[in-house]
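Visitor: from the sequence below, what's the structure:
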Amino acid sequence: MKYERTISLKKVLKAAAMTGGALCLIRGLDNRLEVTHYSVTSPKIPPAFNGFKIAHISDFHCDGVPGLCAEISAEEPDIIVSTGDLADDKGSYLPCVRLCEHLSDIAPLYAVTGNHDLWRGDYERFEKETERAGMTTLHNERVILKRGLDEISLSGIDDPFTLSASKAAEKVQASLSEISRYDGFDILLFHRANMFECVNHNGFDLVLSGHMHGGQVRLPSGRGVVSPRSSWLGRSVFFPKYSAGRYRSAHTEMIVNRGIGNPMFIPRLFNRPELTVVTLESGNK
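Guide: Next comes the predicted model:
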């Protein structure tokens, strides 16, 4: 009888372990869109831009997630920005064009290039199509956003498009040199969050980035585990320093979007597709 009870208990524990593992896997592979909100406060934000809302997407990779456009529309953003890899390096780019058509009906749409965009042999044609769909791609340039007599700056630089760490840094500095300093609140769109140290001393108040895919696999602590191959640049593959969320240096803060699509063979695990919404607030921190 005691032996039978032992066998029965082992079966129960095994079943419980299998059930727990299955539930954990289901939760880990949850691909529902997650909306993350941030507030950015600065005395450099003029009163007319108090409450100005930016919807931020990244790393779409010609993928899709149900409800993306509806969620963005519900947020009622003042502008929408995409920080690179809207397209993948292969396959049709038409899903990106259709997305741009929908988003540009919601709010003005700005973007910068990512490495996968530039890897395409038809990138120039792709950009012309997205431009016709209402998207403005910033190539080492600035646009001034105005509300009445007040204004802020939105700048964007191209992806350095290289696997060499030294060349990447040189290309980023060359891109930044094409943009003059701005006295007011200045936002930078830049694809590669892992290169924050290359842009955090150039007078920008806020950097919006992507590229890291949230670390692809995320631990319960929220730390990302794996870097995209194109971000290695002589650094460790595992536990990237900048994978998702908010980071601050002395004068600049960066918000990193976890992305939407998945170009990697590793599934996104505990790493739901993300829409980030940034609201500007005028005042002291």
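
Visitor: distance check, R223 against N271.
Guide: The spacing between R223 and N271, counted by Cβ to Cβ, to the nearest Å, is 11 Å. Any C-beta I mention is one placed from the backbone N, CA and C, and that applies to glycine too.

Visitor: hmm, I was thinking of H213
Guide: To N271, H213 is 7 Å away according to Cβ to Cβ.

Visitor: re earlier: list residues touching both of R223 and N271?
Guide: Shared contacts of R223 and N271 (Cβ atoms under 8 Å, 6 or more residues apart in numbering): G215.

Visitor: E151 is in what secondary structure piece?
Guide: Per DSSP states H and E: E151 is located in strand 150-156.

Visitor: what lines up beside that strand in the sheet?
Guide: Strand 150-156 sits in its sheet next to strand 141-147 (antiparallel), strand 186-192 (parallel), going by DSSP bridges.

Visitor: relative to S180, which of these is closest?
Guide: Closest approach to S180 among these is made by strand 141-147 (7.8 Å; Cβ to Cβ).

Visitor: got a list of contacts for the helix or strand where L103 lies?
Guide: L103 belongs to helix 94-106 when assigned by DSSP H and E. Applying Cβ under 8 Å, 6+ apart, the external contacts of helix 94-106 come out as 60, 62-64, 68-69, 72-73, 77, 80, 86-87, 109, 126, 129-130, 133-135.

Visitor: could you tell me how many residues sit around N284?
Guide: 6 (other Cβ atoms under 10 Å).

Visitor: give me the distance between it and E127.
Guide: Distance from N284 to E127, by Cβ to Cβ: 40 Å.

Visitor: repeat for L275
Guide: From L275 to E127 the distance is 23 Å (Cβ to Cβ).

Visitor: of these two, who's got more company?
Guide: A direct count of neighbours by other Cβ under 10 Å for L275 and E127 places L275 higher, at 24 against 20.

Visitor: model confidence over stretch 164-184, on average?
Guide: The average of the pLDDT scores along stretch 164-184 is 93.

Visitor: and the helix or strand that contains V172, what's buried?
Guide: Here V172, judged by DSSP H and E, is contained in helix 165-177. Using 16 or more other Cβ atoms under 10 Å as the burial criterion, the residues of helix 165-177 that qualify are 168-169, 171-172, 175-176.

Visitor: so which of the contacts of helix 94-106 are in strands?
Guide: Counting by DSSP state E, the part of the contacts of helix 94-106 found in strands is 80, 109, 135.

Visitor: which of those residues lies closest to F161?
Guide: Of the ones in strands among the contacts of helix 94-106, the one sitting nearest to F161 (Cβ to Cβ) turns out to be M135, at 19.4 Å.

Visitor: since we're on that closest one, how many residues are nearby?
Guide: Residues lying near M135 (other Cβ under 10 Å) number 23.

Visitor: hang on, it packs against Y110?
Guide: Yes. Between M135 and Y110 there is a contact under Cβ atoms under 8 Å: 7.4 Å.

Visitor: mutual contacts of these two, please.
Guide: Jointly contacting M135 and Y110 under the rule Cβ under 8 Å, 6+ apart are S82.

Visitor: break the chain down into its structural domains.
Guide: Under the assignment automatic domain parsing, the domains of the chain span 1-30, 33-282.

Visitor: with respect to burial, which of the ones you listed scores highest?
Guide: Comparing the domains of the chain by mean neighbour count (mean count of other Cβ atoms under 10 Å), domain 33-282 comes out on top with a mean of 19.
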